[in-house]
Structure formats: C-alpha cells, structure tokens
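Chemist: Sharing a model that was predicted from the sequence below.
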Amino acid sequence: MSRIGRAPIAVPAGVEVKIDGHTVTVKGPKGTLSRTLNEEMTITMEDNVIHVTRPNDNIKERSLHGLTRTLINNMVVGVTQGFEKRLEIQGVGYNAQMQGKDLKLSLGFSHPVIITPPEGITISTPSSVVILVSGADKEKVGMVAAEIRAWREPEPYKGKGIRYAGEHVRRKAGKTGATK
C-alpha cells in the first residue's frame, strides 16, 4: 500500500474542511481552496483527520492514491501557512520593481515586461534583484514563478537571467582564442 496515501492528514484548528462527494473544499485564514478529485478514491473525515483509501490494488488506483492525499494535504497547508517561491535576477541592468500590484521587469529587451498576478497570488520585491511569489495554491504559485522565470532563463555562459533561489546553473566554457 502507498506509504504517502495511507498517511492521515491532520486538520489544524481554524481550518474548515467540507467533503461533498469527490469535491473537497478547504477554508482557512489564508483563503479558500476547492478541488474535484478522482472518483475512484474514497475520502473520509473523522475527528479532524482526513483519510484517503483506494478500492483495490490496480496500477491506476495505486498511482492516484498518493496523489490524492498529497493534493488534499497541499490545500490544508496552503490555507494555513501558504506557499512561497523566491526568484533571483542576475545580470547587469536586469531588475524588478513593483508598479501597484503588477511586476515590472527590465530584462534587456527594448521594452519593460509587465506581469499581472492572477487572483490569490501576491508578488513582492524585497530588493531589485529578488522576487517573492506567494499564495495559498501551491500549483498557482509554481506556475506564476515559472512564467516569470521563462522571460529570461539563466544562460550557461555568463549565468545571466532569472533563477530560483538555490538553483545551480551549470556553466560552460566560452570560445577560446584562435590558434595557428
């Protein structure tokens, strides 16, 4: 049996979980998240603990068991603590700044790049080379961070671009001088 799937999910105080068939709605201090999960999984809640069970040991059910449990757990963690991705900008002249709720990036293009965050996502810039993307939905936070990074991915020769905090960019050697 899946080790992840059979682990119970403890619901902390202040979090309200509503299970309506296969739709799970989690409400907490950081917002409300709702998701319709696979119909083959059985989701039950008793004594502020959520359990996910599968009907049999088919390959499909086994693969969905841990996934379903993890999606519900991410919803509970998201509405209590939230998720955050940190991006770093490297390169001369590259920077980021906030314009109201929008993020303005100067990345060496002839025009600035303006990014408007979707509902439920907050973008902030503690410094001109650090971008923080935060929100309750782990999937949305990761997606917005990936979209920001996609504007100027780190290149392997000088390492310029937008990278995740702690990301290692593999460097390549440049051209060597011509020899005769």
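Modeler: Looks like it arrived, so ask away. Numbering: from 1, shown residues only.
Chemist: which regions of the protein sit below the pLDDT cut-off?
Modeler: Applying pLDDT under 70 to the chain flags residues 1-2, 177-180.
Chemist: can you give me the strands in it?
Modeler: 9-10, 16-20, 23-28, 31-36, 42-46, 49-53, 83-90, 95-99, 102-106, 113-115, 121-127, 130-135, 161-164 (DSSP state E).
Chemist: mind putting these in CSV, mean neighbour count and distance to E153 included?
Modeler: For the C-beta atoms, the positions are set from N, CA and C on the backbone; glycine is no exception. Output for those, formatted as CSV (neighbours: other CB atoms under 10 Å; distance: least, CB to CB, whole Å):
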stretch, mean neighbour count, distance to E153
strand 9-10, 16, 36
strand 16-20, 13, 38
strand 23-28, 19, 34
strand 31-36, 15, 30
strand 42-46, 13, 39
strand 49-53, 18, 37
strand 83-90, 18, 11
strand 95-99, 15, 15
strand 102-106, 17, 13
strand 113-115, 13, 13
strand 121-127, 15, 19
strand 130-135, 21, 14
strand 161-164, 19, 5
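Chemist: Which among these is found nearest to L71?
Modeler: Comparison of these against L71 by CB to CB identifies strand 31-36 as nearest, at 6.3 Å.
Chemist: List the residues that contact the spatially most central residue of the chain.
Modeler: Centroid-nearest residue in the chain, with CA atoms, centre = their mean: G142, separated by 2.7 Å. Taking CB atoms under 8 Å, 6 or more residues apart in numbering as the criterion, G142 is in contact with 83, 85.
Chemist: on that earlier part again, go through the strands of the chain and name the closest to S63.
Modeler: strand 49-53 (13.0 Å).
Chemist: any idea of the angle that closest one forms with strand 23-28?
Modeler: Strand 49-53 and strand 23-28 are oriented at 160 degrees to each other (axes from the mean of the first three to the mean of the last three CA atoms, to 10 degrees).
Chemist: Walk me through which strands strand 49-53 pairs with, and which way each runs.
Modeler: strand 9-10 (antiparallel), strand 42-46 (antiparallel) (DSSP bridges).
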